[in-house]
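Student: With the sequence up front, the predicted model follows.
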Amino acid sequence: MSDTIHLLPDHIANQIAAGEVIQRPASAVKELLENAVDAGATEIRLLVNDSGKALVQVIDNGKGMSPKDAENAFARHATSKISTIEDLFQIRTMGFRGEALASIAAVAQVSLKTRRAQDELGTSVEIENSKVTESSSISCAVGTSISMKNLFFNVPARRNFLKSNGAELKHIIEEFTRVALAFPEVYFSLSSNGQDVYHWDGGSFKQRAIQVLGNSYQTKLVTVGEQTDYLTITGFVGKPETAKKTRSDQYFFVNRRFIKSAYLHHAVANAFDGLIAKENFPSYILYIDVDPTQVDINVHPTKQEIKFEDDKIIYAFVQAAVKHALAQFSIAPSLDFSLDASIQQLDAIQQPFTTEKANTAASQSLYEGFTKKNQAHFIAKSNSKQDWKSFFTTLPSADNNQILHDSESYIVKPSSMGLYKDGSPLQVNEEAILMQLHQTFIVAPSHSGCIMIHQQLAHERILYEKFQKATAHPHATQKSLFPVVLELSVSDAILLEEIIEDLALIGYEIESFGPNSFIIQGIPADVNAGNEKNAIELLLEQFKHFSGDIKFSKREKLIRCMARQMAIKAGQALTQKEMHALIEALGECDIPNITASGAPTFVEFKEDYLNGLFSK
Ligand code: ADP
Ligand code: MG
């Protein structure tokens, strides 16, 4: 028998290796942007065609490459960033493994144009299947332009794995955003199929955060900033009201590298404990800076995971820093923040702020642990949480809907329409005096006992059916006299694009207005003008919550969200007339007894049942 092992030819080996680094157009985007940052660029432009499948091009004004470097850059393990193994533990650049360009060159057609400031002429290099096919001198601007064309042209199986253009573009925007957040001092632009998507001027961290999250965050960010000898944390968390049902807008950077860390996420979520509803996620952009010797970034192919020398201390630090920031914001409302009404009602806000509390808020004992490294074991675990909790005695979530839906304390429910053989209990005498209990429940006499209606859920059902009918016969729109401009975050803008047509059926006339911006030209005839911006933002939030639910069509989800959002809320006082109108409208519904998601809208107490309660 002959031997069976053979050495793979270079181009196959490179393609296999490329699989780790370049999974999709967005992976190339990340690598090319990071190279531009490493080259000291102050302006970086990203151009994509066909969501990066046809072209990913990054143009920078960084230091450029010499003619020889330009040819060598695409060889495996070609890097200018480390030369000894010790360097590996002192890394301050994004790249260091010298495999990104090699990987890209193995799976796409690449052209490079580059020039250093000291060279009169630049270099142009063409590469295909990892081989330089052409190299020449050209005149070009200082800096580097790399184009990656036809990704996976030579690996059709992997090309087939690419997702829809929408999905791939979303990944690209995600990577673009991460690098842009890490380097706010750099100008970044993105254009897709020749259309401008973003251009973000260089500025402060806060300015970049707002460019990314949208202008509405101008007043919704709480600044985090703590410094010790061992590590520093800076950045922002969204005020509790910005918490979302989805995990978008959560960013951790360690030494300016975006990382994914469920562990650190948990630390932030913990700091928000009691401030936002359990099922919501806080938004945050946090930058941790630590001595590079304290982290190992070489544990993951795309360096999105890292290992800390002492991760308990980082956890405790992140948690304490976020708590501290939130405490300052909540306890000193007059300084620079206007508080959400639901938070203002909390005992903690209304009680005087004593020195004792100030000390607790500063979590002194926690802070002592961070001045030296390897001291996580000194951190007292439980006490800080107790103290913290006492500042927020009730759950300040404004999302009444969710709470109501989660409640399972309904006792008597009309379980099906079959119950109404002798006529609907919702036929209430016009003259009857109705009672509103706790500004939430309406108690009304019915012909066979009494009914108790949940005003919010009942209204939700009424609106749901109304919108359902409206999508069959488009709804009346009232043109806005003063069209409102809506600025959204990247992901919200994509979402809104997706549902814009369905919103039109319900009566929202919204047009796209430059990248991330929309203009609201008209709103449904029965929505109060003046609140349209808020309404759309809320709608997007709720819609995201639903998005994972594949049971429902987009339209169904939208209708449900709209109904939920526009329903009168529990806690709102109603007049006799309004209560009567509500019951009448509910009675006209096809399925009056439950909301679309299945919560009862009213319960009926039959006379027999009431009598039974009083029998001996
Ligand atoms: P790494 O970034 O890990 O060093 P890459 O394969 O990404 O490896 O890049 C290889 C080398 O090519 C880099 O070390 C750098 O010297 C050079 N290079 C890549 N992109 C640029 C750029 N935009 N400007 C200047 N030099 C670059
Ligand atoms: Mg690199």
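Tutor: Perfect, thanks for sending it. Ligands and ions are numbered 1, 2, ... in the order given.
Student: check which helix or strand covers Lys323.
Tutor: Taking DSSP states H and E as the definition, one finds Lys323 inside helix 311-331.
Student: from memory Ile288 sits against Thr232, does it?
Tutor: Yes: between Ile288 and Thr232 a contact is recorded at 7.2 Å, counting by Cβ atoms under 8 Å. Yep, even glycine has a C-beta here, placed from its N, CA and C like the rest.
Student: Could I get the phi/psi values of the residue in the stretch 301-450 of the chain that ligand 1 sits nearest to?
Tutor: As assessed by Cβ to the nearest ligand atom, ligand 1 sits closest to Lys303 within the stretch 301-450 of the chain, at 9.6 Å. When read as degrees, to the nearest 10, the backbone of Lys303 gives phi 60, psi 30.
Student: That one: how many residues sit nearby?
Tutor: Residues within reach of Lys303, counting by other Cβ atoms under 10 Å, total 20.
Student: What are the neighbouring residues in contact with it?
Tutor: Taking Cβ atoms under 8 Å, 6 or more residues apart in numbering, we find Lys303 in contact with 94, 257, 297.
Student: Among the residues you listed, which lie within strands?
Tutor: Using DSSP state E, the subset of the contacts of Lys303 located in strands is Arg257.
Student: residues from the chain in reach of ligand 2?
Tutor: Neighbours of ligand 2 within the chain, by Cβ under 5 Å from the ion: 35, 95, 100.
Student: hang on, the earlier thing: for Glu509, see how far away the residue of the stretch 301-450 of the chain closest to ligand 1 is.
Tutor: Per Cβ to Cβ, to the nearest Å, Lys303 is found 45 Å from Glu509.
Student: which residues of this structure score low on pLDDT?
Tutor: In the predicted model of the chain, residues 1, 298-299, 301, 330-423, 472-476, 481, 526-530, 547-551 satisfy pLDDT under 70.
Student: For stretch 283-290, list every residue counted as buried.
Tutor: Residues of stretch 283-290 classed as buried by neighbour count (16 or more other Cβ atoms under 10 Å): 283-288, 290.
Student: Select, from those residues, the two members most distant in space.
Tutor: Ser283 and Val290 (23.0 Å; Cβ to Cβ).
Student: Identify the residue nearest the geometric centre of this protein.
Tutor: Ser248 (1.7 Å; Cα atoms, centre = their mean).
Student: Tally up the residues packed near Ala167, please.
Tutor: Ala167, neighbours per other Cβ under 10 Å, totals 13.
Student: So it versus Ser51, what's the distance?
Tutor: Distance from Ala167 to Ser51, by Cβ to Cβ: 8 Å.
Student: list the helices and strands the helix holding Lys323 packs on?
Tutor: Counting contacts by 3 or more Cβ pairs under 8 Å, 6 or more residues apart in numbering; DSSP states H and E, helix 311-331 packs against strand 221-227, strand 231-238, helix 262-271, strand 284-290, helix 347-350, helix 355-361, helix 364-368, helix 382-389.
Student: tally of neighbours for the residue of the chain found nearest ligand 2?
Tutor: Closest contact between the chain and ligand 2, by Cβ to the ion, is at Gly95 (2.6 Å). A count of nearby residues for Gly95, using other Cβ under 10 Å, gives 20.
Student: Spatially nearest residue to Gly571 (excluding sequence neighbours)?
Tutor: Gln439 (5.1 Å; Cβ to Cβ, 6 or more residues apart in numbering).
Student: which ones are touching the one you found?
Tutor: Contacts for Gln439 were tallied using Cβ under 8 Å, 6+ apart; they are 570-574.
Student: same question, Glu532
Tutor: Taking Cβ under 8 Å, 6+ apart, we find Glu532 in contact with 480, 484, 520, 523.
Student: between those, which has the most around it?
Tutor: Ranking these using other Cβ under 10 Å puts Ile523 first, with 25 neighbours.
Student: quick one: that one is in a strand?
Tutor: Yes: judged by DSSP: H, G, I helix; E, B strand; the rest coil, Ile523 forms part of a strand.
Student: which one is it nearest to, not counting chain neighbours?
Tutor: Here the residue nearest Ile523, using Cβ to Cβ, 6+ apart, is Glu532, at 4.9 Å.
Student: distance of that neighbour from Leu539?
Tutor: 10 Å.
Student: Equivalent analysis for His580, please.
Tutor: His580 is 29 Å from Leu539, where distance means Cβ to Cβ.
Student: Asn49 too?
Tutor: Using Cβ to Cβ, Asn49 is found at 32 Å from Leu539.
Student: give me phi/psi at Ser204?
Tutor: phi -80, psi 170.
Student: which residues touch it?
Tutor: Residues near Ser204 by Cβ under 8 Å, 6+ apart: Pro184.
Student: and if you look at Arg116?
Tutor: 63-66, 142.
Student: May I ask which of these has the most neighbours?
Tutor: Comparing those by number of neighbours (other Cβ under 10 Å), Gly64 comes first, having 25 neighbours.
Student: That residue reaches Thr114, doesn't it?
Tutor: Yes: with contact defined as Cβ under 8 Å, Gly64 reaches Thr114; the gap is 4.8 Å.
Student: out of everything not next to it in sequence, what's closest to His266?
Tutor: Tyr315 (7.6 Å).
Student: Mind listing what's buried along the helix holding Lys323?
Tutor: Going by neighbour count (16+ other Cβ under 10 Å), the buried part of helix 311-331 is 311, 313-331.
Student: Before I go, just wanted to say thanks for your time.
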